[in-house]
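**Student:** Have a look; sequence and predicted model below, questions after that.
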Amino acid sequence: MSWLVKIWKFYYDGFRSISGLGKKLWIIILIKVFIMFAILKIFFFPNFLNTNFETKEEKSAYIINVLTKQNQK
């Protein structure tokens, strides 16, 4: 058996045998992670490059400029 299958079975058996309280806590954790990465990203982290530049060349020129400017400090 490969080590990936062993790891999968270890976690699968562990999560399958969780009690009622443990399952509720994991549901709360998953909801929090979803809120942090999906909802907050939409409202607080806009896509700066797509809103300020139209072409790939403009985006790449801006990124190169910012990276080289930071290295010169």
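**Tutor:** Nice, thanks for sending it over. These numbers were taken from a predicted model, which means no experiment stands behind them. Residues are numbered from 1 along each chain as shown.
**Student:** any idea which residue sits dead centre in this protein?
**Tutor:** With distances taken as C-alpha atoms, centre = their mean, F37 lies nearest the centre of the chain, 6.1 Å away.
**Student:** distance of E57 from I64?
**Tutor:** 11 Å (C-beta to C-beta, to the nearest Å). Placement of C-beta: from N, CA and C, glycine included.
**Student:** What segments of the chain are helices?
**Tutor:** 3-16, 20-34, 40-44, 48-52, 56-71 (DSSP state H).
**Student:** mind giving me a markdown table with those and columns for mean neighbour count and mean pLDDT?
**Tutor:** Output for these, formatted as a markdown table (neighbours: other C-beta atoms under 10 Å; pLDDT from 0 to 100):
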| stretch | mean neighbour count | mean pLDDT |
| --- | --- | --- |
| helix 3-16 | 9 | 89 |
| helix 20-34 | 10 | 90 |
| helix 40-44 | 9 | 81 |
| helix 48-52 | 10 | 86 |
| helix 56-71 | 10 | 86 |
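**Student:** mind listing what K23 touches?
**Tutor:** Applying C-beta atoms under 8 Å, 6 or more residues apart in numbering, we find K23 in contact with no residue.
**Student:** so how far is F53 from it?
**Tutor:** K23 sits 46 Å away from F53 when distances are taken as C-beta to C-beta.
**Student:** What of I63?
**Tutor:** 10 Å.
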